[in-house]
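J.: dropping a prediction and its sequence here:
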Amino acid sequence: QVRLVESGGGLVQNGGSLRLSCAASGRFSSITTMSWHRQAPGKQRELVASLTASGSANVAESVKGRFTISRDDAKNTVYLEMNSLKPEDTAVYYCNAIVILSSAPLRFNNCWGQGTQVTISS
């Protein structure tokens, strides 16, 4: 069983910074794409940023220039560096990982973390 555990959320003032971490544990072969999503109250979950194993990143327009996604494959961990935070960034942030359980036969899981609350005060 693969488990994703997020950390780093909290309450910060407008313009502040936070760094989220998400570590994967369990039995698996490798991890392909890792990503961060968020869900604000009353809104649908949305993609914030994703990063493939080969290093290709995709960042939502709403956070481009303020948020940076990175990963440490030796630690099976993905990070989200968030700067110049705004009240509209307030949401529960979820980590996602496409985990390869085995390559032959190919088996994979789409895994989600439990979420971490990020609140920006105005």
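T.: Looks like it arrived, so ask away. Numbers count the residues shown, from 1 in each chain.

J.: quick check, pLDDT for A104.
T.: You'll see A104 listed with a pLDDT of 88.

J.: so which residues of the chain form strands?
T.: Using DSSP state E, the strands of the chain run over 3-7, 10-13, 18-25, 30-39, 46-51, 57-59, 67-72, 77-82, 91-103, 106-112, 116-121.

J.: with mean neighbour count added, can I get those strands in a markdown table?
T.: No exception for glycine: its C-beta is placed from N, CA and C like everyone else's. Listed next are the strands of the chain as a markdown table, based on neighbours: other Cβ atoms under 10 Å:
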| stretch | mean neighbour count |
| --- | --- |
| strand 3-7 | 17 |
| strand 10-13 | 12 |
| strand 18-25 | 19 |
| strand 30-39 | 20 |
| strand 46-51 | 18 |
| strand 57-59 | 15 |
| strand 67-72 | 17 |
| strand 77-82 | 23 |
| strand 91-103 | 19 |
| strand 106-112 | 14 |
| strand 116-121 | 17 |
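
J.: can you pull the contacts of the residue most central in space within the chain?
T.: Central residue of the chain (Cα atoms, centre = their mean): W36, 2.6 Å from the mean position. Contacts for W36 (Cβ atoms under 8 Å, 6 or more residues apart in numbering) come out as 20, 22, 47-50, 69, 78, 80, 93-96.

J.: how close does it sit to T119?
T.: Distance, W36 to T119, by Cβ to Cβ, to the nearest Å: 16 Å.

J.: likewise L101?
T.: With Cβ to Cβ as the criterion, L101 and T119 are 35 Å apart.

J.: swap in N76?
T.: 27 Å.

J.: okay, now the residue nearest to S103 when sequence neighbours are not counted: neighbour count?
T.: Nearest non-adjacent residue to S103, counting by Cβ to Cβ, 6 or more residues apart in numbering: S29, 5.7 Å away. Applying other Cβ atoms under 10 Å, we find 13 other residues in the vicinity of S29.

J.: hey, what's T119 bridged with?
T.: L11 (DSSP bridges).

J.: surely it and L11 touch.
T.: Yes: assessed by Cβ atoms under 8 Å, T119 is found in contact with L11 at 4.6 Å.

J.: mutual contacts of the two, please.
T.: When Cβ under 8 Å, 6+ apart defines a contact, no residue borders T119 and L11 alike.
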